[in-house]
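K.L.:
Sequence first, then the predicted structure:
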Amino acid sequence: MHTNTAWQMNAASGAPLVERFEAVIVGGGMVGTALCALLAQAGMRVALVEAQPTPVSLKQAASALPAPRVSALTPVSQRLLTHLGAWPAMQQTRITPYRGMQVWDAEGSGDIAFSADEAGVLVLGHIVENAVTLAALNSQVIDHPNVTTFFGVSIEALQRANQKANKQADGGWLVLDDGRQLHAPLIVAADGAHSSLREMAGIDVASDAMQQDAVVTTVQCAKPHGGTARQAFIDGRPLAFLPLTVAGDDRYCSIVWSTTPEHAAELCGSSRSALGDALAQALGYRLGSVTVCDQTHRFPLVQRHARQYVQEHFALVGDAAHSIHPLAGQGVNLGLMDAAVLAEEVVHAWQRGAPWGAISTLKRYERRRRFDNAAMLALMKGFKVLFGSHHPVLTLARNLGMSGMNQQVPLKRMLMRQATGERGRLPLTCR
């Protein structure tokens, strides 16, 4: 991690210090840190700004009990993380591959199963704690010679380039809460769904409150999960049991129950015993009895999509650009693809001496990512409407559709390729 002795020396004179980089990324989560690693490994000088005071380490991530927030990383995301050098550390810490997926309508007879064999792949994906992924990415950027990290600071202001001056030379400035200023031809907001930097840039967001809260916790089941992810639609409220393996024990699962705010409050107010019973019953006892191992967390679900991803010298990635219902576990995968595509376009321009922060460069990133993100957002909303309806025609249609699709191996294989991230023109780092 770079020290900031220049700032300490300048502080005595009272003159504001402007530190210059080729890119500044605000937000040290998985997406922002992956983007930082991609740019730095290509040779660009990058600053990473994060409000949290200290980075997550692999030692911290390897706690006895899995962290409550997990992601279903696709094989495409795995290839990106392998390219960055993060995947081996993740393997040594804790990851759980899944080769099967079962989805059913608990209110009817619809049932569909997917398998890696049908898809012609080794695995459908891996369930990985977000803390494990982030710690492994941190190990690739902390102390990297091209990276300067600013932990424990927040952004006071975003200053735009003088439109009359040379835009590429001017770029943009960030004012930190301790008075320092950072300058770069490219500033990237990776600071999450409630992005303050996006707001400073004046970018509007289309929001769609899903009228649901997600209840998240970790459980141990009586039966092993067998490397299969399970999801039941219960009156339009999807309940996911995502497989985890802890010290060789494959009876653990991460729970994500997207339900009404009232039901979420009831679940979070229940005893661990009562919650375990409710989860086992909701899953139809497919994994036997359920023991809740951790605290229960609850957060509201809102889908968001920024009206634009880019401005001159400025770009949004990850949840700052779009946030999605956790139904398909695609949120972080979409964000990692944002990072990979943006890095590819920016590095290509930088290497040939073109203005990498210019709107013409950044628009290429937006064109490559916006449609895929919008399609996934629309699909998640469609699922919510379809499975939340009590209309008998829709109920019959979804049950017949699921059961009929279960017999169509070619169609299932196509859907699984989409779900594993094999969509559109992938960046070279993900192939």
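P.N.:
Everything's here; your move.

K.L.:
What's the mean pLDDT across stretch 179-186?
P.N.:
Averaging pLDDT along stretch 179-186 gives 96.

K.L.:
Which residues outside it are in contact with it?
P.N.:
Among residues not part of stretch 179-186, those counted as contacts by Cβ atoms under 8 Å, 6 or more residues apart in numbering are 4, 7, 16-24, 47, 49, 150, 153, 168-169, 171-176, 313-315, 346, 355-357, 362. For the C-beta atoms, the positions are set from N, CA and C on the backbone; glycine is no exception.

K.L.:
what does stretch 310-318 give?
P.N.:
27, 29-32, 35, 158, 160-161, 167, 170-172, 184-190, 192, 195, 198, 201, 203, 306, 309, 332, 334-335, 338-339, 342, 357-359, 362-363, 365-366.

K.L.:
Phi and psi next, for E129.
P.N.:
phi -60, psi 140 (degrees, to the nearest 10).

K.L.:
So for the one helix or strand A375 maps to, what gets flagged as buried?
P.N.:
Secondary structure assignment for A375, by DSSP states H and E: helix 359-388. Of the residues in helix 359-388, 361-362, 364-366, 368-370, 372-373, 376-377, 379-381, 383-384, 386-388 count as buried by neighbour count, 16 or more other Cβ atoms under 10 Å.

K.L.:
Could you name the helices and strands sitting against that helix?
P.N.:
In terms of contacts (3 or more Cβ pairs under 8 Å, 6 or more residues apart in numbering; DSSP states H and E), helix 359-388 is packed against strand 205-221, strand 297-306, strand 310-311, strand 314-316, helix 331-351, helix 392-405.

K.L.:
Now do it, average pLDDT.
P.N.:
Mean pLDDT, helix 359-388: 87.

K.L.:
Please apply the same query to stretch 251-266.
P.N.:
Across stretch 251-266, pLDDT averages out at 96.

K.L.:
mind exporting it as PDB, just the C-alpha atoms?
P.N.:
These are the backbone C-alpha positions of stretch 251-266, laid out as PDB (Å, rounded to 0.1, in the frame of the first residue of the first chain):
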ATOM      1  CA  ARG A 251     -24.500 -29.700   4.800                       C
ATOM      2  CA  TYR A 252     -24.200 -25.900   5.000                       C
ATOM      3  CA  CYS A 253     -26.200 -23.500   2.800                       C
ATOM      4  CA  SER A 254     -26.500 -19.800   2.400                       C
ATOM      5  CA  ILE A 255     -30.200 -18.700   2.600                       C
ATOM      6  CA  VAL A 256     -31.700 -15.800   0.600                       C
ATOM      7  CA  TRP A 257     -35.400 -15.500   1.000                       C
ATOM      8  CA  SER A 258     -37.000 -12.600  -0.900                       C
ATOM      9  CA  THR A 259     -40.300 -12.000   0.700                       C
ATOM     10  CA  THR A 260     -42.800  -9.300   1.800                       C
ATOM     11  CA  PRO A 261     -41.500  -6.700   4.300                       C
ATOM     12  CA  GLU A 262     -44.000  -8.000   6.800                       C
ATOM     13  CA  HIS A 263     -42.900 -11.600   6.400                       C
ATOM     14  CA  ALA A 264     -39.300 -10.600   6.500                       C
ATOM     15  CA  ALA A 265     -39.800  -8.800   9.800                       C
ATOM     16  CA  GLU A 266     -41.600 -11.900  11.200                       C
END
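
K.L.:
before we move on, back to that, relative to A42, which of the helices and strands packed on helix 359-388 is closest?
P.N.:
Using Cβ to Cβ as the criterion, the shortest distance between A42 and these is 4.4 Å, found for helix 331-351.

K.L.:
Measure how the closest one sits relative to helix 359-388, angle-wise.
P.N.:
Between helix 331-351 and helix 359-388, the angle comes out at 170 degrees (axes from the mean of the first three to the mean of the last three Cα atoms, to 10 degrees).

K.L.:
Now helix 331-351: buried residues?
P.N.:
Of the residues in helix 331-351, those with enough neighbours to count as buried (16+ other Cβ under 10 Å) are 331-347, 349-350.

K.L.:
just to revisit the earlier point, of the helices and strands packed on helix 359-388, which is nearest A86?
P.N.:
For the helices and strands packed on helix 359-388, the distance to A86 is smallest for helix 331-351, at 10.8 Å, taking Cβ to Cβ.

K.L.:
so after the lowest-mean-pLDDT helix or strand in the chain, what's the next helix or strand?
P.N.:
Considering only helices and strands, the least confidently modelled element of the chain by mean pLDDT, DSSP states H and E is helix 5-11, at a mean of 38. Scanning forward in sequence from helix 5-11, with DSSP H and E defining helices and strands, the next element found is strand 18-20.

K.L.:
what about the next helix or strand after that next one, distance to the chain center?
P.N.:
Counting by DSSP H and E, the element after strand 18-20 in chain order, helix or strand, is strand 23-26. A distance of 18 Å separates the centroid of the chain from that of strand 23-26, by Cα atoms, centre = their mean, to the nearest Å.

K.L.:
Give me the helices and strands touching strand 23-26, please.
P.N.:
With 3+ Cβ pairs under 8 Å, 6+ apart as the test, strand 23-26 has helix 30-41, strand 46-50, strand 181-184, strand 187-189 packed against it.

K.L.:
Let's have the ones you listed in a markdown table, adding distance to R251 and mean neighbour count.
P.N.:
Putting those into a markdown table (distance: least, Cβ to Cβ, whole Å; neighbours: other Cβ atoms under 10 Å) gives the following:
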| stretch | distance to R251 | mean neighbour count |
| --- | --- | --- |
| helix 30-41 | 27 | 28 |
| strand 46-50 | 35 | 26 |
| strand 181-184 | 48 | 20 |
| strand 187-189 | 40 | 31 |
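
K.L.:
Can you say which of those is nearest to A232?
P.N.:
The nearest among the helices and strands packed on strand 23-26, by Cβ to Cβ, is helix 30-41 at 27.5 Å.

K.L.:
And the closest one, what does it pack against?
P.N.:
Using 3+ Cβ pairs under 8 Å, 6+ apart: helix 30-41 touches strand 23-26, strand 46-50, helix 130-141, helix 331-351.

K.L.:
can you put those in TSV and add mean pLDDT and distance to G284?
P.N.:
What follows is these, written out as TSV (pLDDT from 0 to 100; distance: least, Cβ to Cβ, whole Å):
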stretch	mean pLDDT	distance to G284
strand 23-26	98	45
strand 46-50	98	42
helix 130-141	97	28
helix 331-351	97	27
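
K.L.:
That concludes my questions; thank you for your assistance.
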